[in-house]
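**Q** quick check, what structure comes out for this input:
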Amino acid sequence: MLRFLRPLIRAVTYTRVLHLLIGQIVFGMWLFVSESDPYVPFLLMALVGLVPAARLAEGLQARLLLTSHGFKDPASGIVAAPSRTWADRGRTVLWLELRMVLGLLTGYLIVNLLALTVDLARGTAGSPARTSLIELPGGPDWYVLLTPLPVVVLAAYVVGVGELITALARRLLGPSPQERLATLEERTEQLLERNRIARELHDSIGHALTIAVVQAGAAKAAGSAEFTDRALTAIEETGRAALEDLERVLIVLRESEQPVSSRPTLSDTDRLLESARASGAEVDAEVTGPVGLVPGPVSREGYRILQEALTNVLRHMGPVPTRVRIAVDDDRLELEVFNPLDRPVVPNGRGSGLRGIRERAALLGGEAATGPYEGEWRVRVGLPLKGPG
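**A** Below is the predicted model of the structure:
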């Protein structure tokens, strides 16, 4: 029983009826001017529906009165945007016509069912009763039994027509296929951005922590004040760079309007190599080709790939001799990092670093290969300079 009564205590049930009655305004104004040609209001609504802004106005009104989400919330399933295609205009016209028909029917039933209730109540008191709908037979006993019936019918109709008009609004004022596609693309871009930020945090902070751990361990083992000073300096510089990356990512997450510092590119490779060398590793780098002319997206991702590869060397093998090769030709960037396999690799977590390298390469239309190669561990990545083809 409570399940059937619950809709009657919800405010949205009555705002839906209000929404339908508002739709009668044009029809009522026309009858006030002229009682002939009742089809004219429907023709006027059809012309209004062809105006792009009509869909925006109807969408906002439907969101406000037909749902409990509010006019700003797209979760209602109703679009508040101008018509962009003729299909949008056609659905808007159909919506306006159906809204007017249901509004007229609702107004007629409300007036007559309330009048019937009043007449039944009068009949209960012994007064003669004749309604605009039916002539009631019998005496006062019949009136007592039938008086609640119009109210029950009206309550059921109010709830039912409210659900119907809301379903029609979601169907006729809902997103078109093009709008659904645009929303999906926007959502995909947001997910990709979140993925990119997660990878950047992993690469930058992971690299900084690895350098700090290796430096601290080496300083402790060396027992030299001079080496300890160098190690602390390297830890400080690496930590400061990581904090800058973290602040930049947090600014992006907050959608701040402040300027965001530029992300590092392959032109900043020297800083990355010096950071690795400061940890005690011997890093031999070979750079060929115009690195400074590599397109921004490829250069930025190339830097992060190189950073992750060096971080993996330090994390798994420690400060071992490492060879880095960066080659740029007309249409391709090649990155290679080699390190010896003269000690067993200690398993560490889920291998998200190598997976991140492969993901970055795949997003740019490139490929990545990792594993043993001629007695060494090799990370090899090839990226097209023009992006995915």
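**Q** now find how far off-centre stretch 371-384 is within its chain.
**A** Computed by C-alpha atoms, centre = their mean, to the nearest Å, the separation of stretch 371-384 from the middle of its chain amounts to 37 Å.
**Q** ok, and what's touching it?
**A** 298, 301-302, 305, 309, 312-313, 317, 331-341, 345, 354, 357, 361, 364-370 (C-beta atoms under 8 Å, 6 or more residues apart in numbering). For glycine as for every other residue, the C-beta is placed from the backbone atoms N, C-alpha and C.
**Q** and those residues, which of them are in strands?
**A** Judged by DSSP state E, the subset of the contacts of stretch 371-384 located in strands is 332-340, 367-370.
**Q** quick revisit: just the buried ones from the contacts of stretch 371-384?
**A** Listed as buried from the contacts of stretch 371-384 are 298, 301-302, 305, 309, 312-313, 317, 333-339, 354, 357, 361, 364, 366, 368, 370; burial here means 16 or more other C-beta atoms under 10 Å.
**Q** a strand runs through L21, doesn't it?
**A** No - using DSSP: H, G, I helix; E, B strand; the rest coil, the assignment for L21 is helix, not a strand.
**Q** list the contacts of it.
**A** Applying C-beta under 8 Å, 6+ apart to L21 gives the contacts 103, 106-107.
**Q** from A155, how far off is F4?
**A** 9 Å (C-beta to C-beta, to the nearest Å).
**Q** which residues do the two both contact?
**A** Counting by C-beta under 8 Å, 6+ apart, nothing touches both F4 and A155.
**Q** show me which of these two is the more surrounded one.
**A** Neighbours were counted for F4 and for A155 using other C-beta atoms under 10 Å; A155 has more, 16 against 10.
**Q** for the stretch 101-250 of the chain, what spans make up the strands?
**A** Counting by DSSP state E, counting those that start in this stretch, no segments of the stretch 101-250 of the chain form strands.
**Q** please, which helix or strand holds R323?
**A** For R323, the host element (DSSP states H and E) is strand 322-328.
**Q** who are the packing partners of that strand?
**A** helix 269-278, strand 283-288, helix 296-317, strand 332-340 (3 or more C-beta pairs under 8 Å, 6 or more residues apart in numbering; DSSP states H and E).
**Q** swap the cut-off to 6 Å and go again
**A** Other helices and strands packing on strand 322-328, by 3 or more C-beta pairs under 6 Å, 6 or more residues apart in numbering; DSSP states H and E, are strand 283-288, strand 332-340.
**Q** quick one, that strand and strand 332-340 angle?
**A** 170 degrees (axes from the mean of the first three to the mean of the last three C-alpha atoms, to 10 degrees).
**Q** what's the mean pLDDT across strand 322-328?
**A** Taken as a whole, strand 322-328 has a mean pLDDT of 93.
**Q** now do stretch 25-37
**A** Per-residue pLDDT values over stretch 25-37 give a mean of 73.
**Q** domain parsing for this structure?
**A** For the chain, automatic domain parsing gives the domain ranges 2-175, 181-384.
**Q** lowest average pLDDT across those?
**A** Confidence, taken as mean pLDDT, is least for domain 181-384 of these (a mean of 77).
**Q** helices of the stretch 151-300 of the chain, start to end?
**A** With helices called from DSSP state H, counting those that start in this stretch, the stretch 151-300 of the chain shows them at 177-222, 225-253, 269-278, 296-317.
**Q** closest to G77 out of those helices?
**A** Taking C-beta to C-beta, helix 177-222 is the member of the helices of the stretch 151-300 of the chain nearest to G77, at 11.1 Å.
**Q** just the buried positions in the host helix or strand of F42, please.
**A** F42 belongs to helix 40-49 when assigned by DSSP H and E. Using 16+ other C-beta under 10 Å as the test for burial, helix 40-49 gives 41-42, 44-45, 48-49.
**Q** and those residues, which is closest to A75?
**A** G49 (25.0 Å).
**Q** looks like that closest one contacts L96 (just checking).
**A** Yes - counting by C-beta atoms under 6 Å, L96 is a contact partner of G49 at 4.8 Å.
**Q** with adjacent residues omitted, what lies nearest to L18?
**A** Excluding the flanking residues, the one nearest L18 by C-beta to C-beta, 6 or more residues apart in numbering is L65, at 6.2 Å.
**Q** so which strand or helix has the one you found?
**A** helix 52-66.
**Q** for that helix, which helices and strands make contact with it?
**A** helix 11-22, helix 86-124, helix 148-172.
**Q** any chance of those in TSV, plus distance to G292?
**A** Shown next, in TSV, are the helices and strands packed on helix 52-66 (distance: least, C-beta to C-beta, whole Å):
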stretch	distance to G292
helix 11-22	61
helix 86-124	48
helix 148-172	54
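**Q** which of those helices sits closest to V283?
**A** helix 86-124 (59.8 Å).
**Q** distance check, E376 against R315.
**A** Distance of E376 to R315, given as C-beta to C-beta: 17 Å.
**Q** go on, H19?
**A** Distance of H19 to R315, given as C-beta to C-beta: 62 Å.
**Q** V40 now?
**A** Distance, V40 to R315, by C-beta to C-beta: 79 Å.
**Q** rewinding a little: of the contacts of L21, which is the nearest to P82?
**A** G103 (23.6 Å).
**Q** pretty sure that closest one contacts Q24?
**A** Yes - judged on C-beta under 6 Å, G103 makes contact with Q24 at a distance of 4.5 Å.
**Q** neighbour count: these two, which is higher?
**A** G103 (23 against 19).
**Q** what about the spatially closest residue to F338 that is not a sequence neighbour, how many neighbours?
**A** Spatial nearest neighbour of F338, excluding adjacent residues (C-beta to C-beta, 6+ apart): R323 at 4.3 Å. R323 is flanked by 16 other residues according to other C-beta under 10 Å.
**Q** next one: the one 3 residues further on
**A** The local packing count at I326 equals 20, with neighbours defined by other C-beta under 10 Å.
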